[in-house]
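A.B. asks: Here you go, sequence then predicted model.
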Amino acid sequence: SRHLMFTKSNDLYILPNGLNLVYQKPPTIKSVTPSVDGSGNRAAVLAGSRLNSGTRILFDGLSATVSSVDEINDTLTVVPPKGASGHKAIIEALNGDGQTSLFLDLYSLPSYTYDAAATPSVSVSPLTLRAGAESMVEITGTNTNFTSGQTLAGFGTSDVAVRQVWVKSTTSLLANVHVSSSTPTGAAQLTVLTGFETAVQENALQIQSQDTTAIVVNPLAVNPVTGLQSIYAGGRAKVQVANLTAGATISATLGDKAVTSASAESGALNFIIPSTLGTGPAVFKLTVGSVSADPVVLAIDAAPPVIQSVAPLPAVPGDPLVVTVSGLADSNVVDSPESVLIYVGGVEHQATSVTVSNQNSSVHHVRFTLSDTVAAGNAVAVMVQIGNRRSQATQIQVSASSR
């Protein structure tokens, strides 16, 4: 890229990176042919120029999934985002150099028309929630195509917020809903969007007045060891519980399995997650004495990474280090090394590269440069974190910098 300089009389203005120089023309889409992919999904074959494996395809601004690439013939086969019956979407190709097919296709925009389909509809259970509630709801669809990563749900007001949605099937969702304590009584409309598919249910959820004595579980569970919102099978979890008193008699299940070592504090509950649970959503049910809280969904994560070694040692500030770690459990980590953080003596570092071990595909070598701000010591803590999953600390020797 190049800066642009503008002058007028005695005025001077410089626009940083105002001109981007590229090596080729923008992509074009010359034809769109409806098709079916190997899994039986509706697809579209796009033919044009300068279409390659790095090209992103958008249907009215929503990303399509590229299922196959033929760079020799300049064709892409894509699975469109879910669409409404008869919807006509404009297709755009974006290449990594910042160019778009709209540069050349602006006056003959390629499009894709979705098949005619029955009108989608939705319903929710339970039908009523109280102001101040935290609760799981189940959403059932008819003629819907719920899809992970594409489906959103809302109740038309910020007073009734959907915290998170999990897709069970094309016609079934789980969602955690937070109802503000100031929400007025009345009905809320449910809207579920999947791509361009829209399902609306008027008066879907009735809001009742608040019960200030109710047991209310906050679904944002944390790992009490790290304080981060990442819990895993066999590990510990802590949830905030309104109106819970220390030492209360409780009974709790997660994914229909009894939790163990549960201890009630004032306003919080600590417990061990059943070791047999898989990753994903698990329904948490809590009874305090004879009173049951509304169930909520807890998100069960993969176990945190485990540090196997750090080399070379002793570590010297300013020098490169390699942390060998298992359990990163992220297929994109090699292409996005910056998503891996390394804490040494409390100082945050970002990985410069991540590679897969030649001996074990579940083991990675994480490389970074040790900061000059890390203090010397014989037992300096090292931890590796990806997302909210943080490893236990291992101790290394850090020498004083010779610089």
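C.D. replies: Perfect, thanks for sending it.
A.B. asks: After the top strand by length along the chain, which helix or strand is next?
C.D. replies: With DSSP state E setting the assignment, residue counts place strand 197-208 as the longest strand in the chain. From strand 197-208 onward toward the C-terminus, using DSSP states H and E, the following helix or strand is strand 216-217.
A.B. asks: what pairs with that next one, and is each one parallel or antiparallel?
C.D. replies: Looking at strand 216-217 with DSSP bridges, its partner strands are strand 236-242 (antiparallel).
A.B. asks: mean confidence score for the strand it pairs with?
C.D. replies: Confidence for strand 236-242, expressed as mean pLDDT, is 96.
A.B. asks: Just the CA atoms of it, as CSV, please.
C.D. replies: Listed next in CSV are the C-alpha coordinates belonging to strand 236-242 (Å, rounded to 0.1, in the frame of the first residue of the first chain):
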residue,chain,number,x,y,z
ARG,A,236,-14.5,-27.8,39.2
ALA,A,237,-17.2,-25.2,38.5
LYS,A,238,-18.6,-22.3,40.3
VAL,A,239,-22.0,-20.7,39.6
GLN,A,240,-23.6,-17.6,41.2
VAL,A,241,-27.0,-18.5,42.8
ALA,A,242,-29.3,-15.7,44.0
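A.B. asks: got the buried residues for it?
C.D. replies: Within strand 236-242, the residues that count as buried by 16 or more other C-beta atoms under 10 Å are 236-241. (C-beta placed from N, C-alpha, C; glycine too.)
A.B. asks: Output the contacting helices and strands for the longest strand of the chain.
C.D. replies: Using 3 or more C-beta pairs under 8 Å, 6 or more residues apart in numbering; DSSP states H and E as the contact criterion, the neighbours of strand 197-208 among helices and strands are strand 121-125, strand 128-130, strand 186-194.
A.B. asks: gap between the residue nearest the centre of the chain and residue 65?
C.D. replies: Centrality entry for the chain: nearest residue to the mean C-alpha point is residue 149, 8.2 Å, by C-alpha atoms, centre = their mean. The spacing between residue 149 and residue 65, counted by C-beta to C-beta, to the nearest Å, is 10 Å.
A.B. asks: now the stretch 301-403 of the chain, which segments are flagged as low pLDDT?
C.D. replies: Scanning the stretch 301-403 of the chain for pLDDT under 70 picks out the ranges 402-403.
A.B. asks: show me where it has helices.
C.D. replies: With helices called from DSSP state H, counting those that start in this stretch, the stretch 301-403 of the chain shows none.
A.B. asks: quick one: the strands in it?
C.D. replies: Taking DSSP state E, counting those that start in this stretch as the criterion, the stretch 301-403 of the chain contains strands spanning 306-311, 320-326, 340-344, 347-350, 353-356, 363-369, 377-386, 389-390, 394-398.
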